[in-house]
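Engineer: Build me a model:
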Amino acid sequence: MEKTHRLSENIKRIFSLKRTKITLYTATVLWLAVITQIVVNRVFFKGFQIAEAFVITGTEDMECSLEIVVQHPNEFLSENDKKEIIRYIADVIGLNIDKDIDIIKDNDRTEYVFEKQAKKAATSLKVVSLVQDVDSAVKMKHYVIARLKIKESIQSLEKYKRLLENAFNKLGIDKKQITVQYEGYISGLMTKESKEAMARQLVNELKGEIALEYWQDDNYTVYAYTGLLDEYIESAGCKINIQIAMSNDEDTKKTKVYLASPIINSGW
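Structural biologist: Presented below is the predicted three-dimensional model:
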């Protein structure tokens, strides 16, 4: 009888150990699946461009813009230094400087500017120097601004973004404020339901979640967040790195559609 009891206890212990092993194995597999999915998502997004998400809207007259703003680490930059920075950035993106770099002075602000307008692209490169009071001391701060606007060939924006990021890295500038924006028109005046459906589709394409949305007359704005993008801003306690906006143009009978990250940087 005692032997039978011991045998029963041993069998229970064996099955208990097996259940524990199975549970641990299952948990490990699930965690590996989650981690793998995160890695896949991030790798996927490295090659995935926001442009591809915007293309699904089927908009016409598509154009995109890129703005990168950085603060130069040096407090002193000579006139030649500022011009060389502009020439360097222009060379990186294949832009030919075929005229003088303009110098605009306004009190405590000085701008070195080169702008070029082509049929399907516009470029603006600036070095802005500001005299600022920092801890009761007057200091000079220098900001480098690169702006590109491209029509039709919107997929090429990602290439220029990478080129500029690498260029600023070589200048010893790691911290960058980057805004990417896409816009286009859809024939006809979209209804409330169709705007909301398109916004949800765009957010889903970017693996994100809607944080805030609101209406003002026919203007619809959505703020969302995706973990696939490293940069984000915080507003009302929410992380945001996607903005979608749509507005009807009664004169042309078209709907303007915007997609930006992290937010739209111009009035719409």
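Engineer: can you give me the strands in the stretch 51-200 of the chain?
Structural biologist: Secondary structure of the stretch 51-200 of the chain (DSSP state E, counting those that start in this stretch): strands at 60-71, 102-106, 109-117, 121-134, 137-151, 177-187.
Engineer: could you pull out the helices for the chain?
Structural biologist: All helices of the chain, identified by DSSP state H, fall at 2-47, 50-55, 79-92, 157-170, 192-205.
Engineer: Need the residues that contact stretch 73-82.
Structural biologist: Contact with stretch 73-82 is made by 85, 103, 112, 127, 129, 139, 140, 141, 142, 172, 173, as judged by C-beta atoms under 8 Å, 6 or more residues apart in numbering. Yep, even glycine has a C-beta here, placed from its N, CA and C like the rest.
Engineer: follow-up on the earlier one: dump the strands of the stretch 51-200 of the chain into CSV; add distance to residue 238, mean pLDDT and mean neighbour count as well.
Structural biologist: Formatted as CSV, these follow (distance: least, C-beta to C-beta, whole Å; pLDDT from 0 to 100; neighbours: other C-beta atoms under 10 Å):
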stretch, distance to residue 238, mean pLDDT, mean neighbour count
strand 60-71, 23, 93, 18
strand 102-106, 37, 95, 10
strand 109-117, 34, 96, 16
strand 121-134, 31, 91, 16
strand 137-151, 27, 92, 17
strand 177-187, 18, 94, 19
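Engineer: Make a markdown table from the ones you listed and add distance to residue 264 to it.
Structural biologist: Output for the strands of the stretch 51-200 of the chain, formatted as a markdown table (distance: least, C-beta to C-beta, whole Å):
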| stretch | distance to residue 264 |
| --- | --- |
| strand 60-71 | 10 |
| strand 102-106 | 26 |
| strand 109-117 | 22 |
| strand 121-134 | 18 |
| strand 137-151 | 14 |
| strand 177-187 | 6 |
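Engineer: tell me the domain ranges of this protein?
Structural biologist: 1-47, 65-179, 188-268 (automatic domain parsing).
Engineer: Same list, those domains, but as JSON lines with distance to residue 56 please.
Structural biologist: As requested, the domains of the chain are arranged in JSON lines below (distance: least, C-beta to C-beta, whole Å):
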{"stretch": "domain 1-47", "distance to residue 56": "16"}
{"stretch": "domain 65-179", "distance to residue 56": "13"}
{"stretch": "domain 188-268", "distance to residue 56": "6"}
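Engineer: So what touches stretch 254-265?
Structural biologist: Contacts for stretch 254-265 (C-beta under 8 Å, 6+ apart): 50, 53-54, 57, 59, 67, 179-190, 195, 198, 202, 223, 229, 231-233, 240-249, 268.
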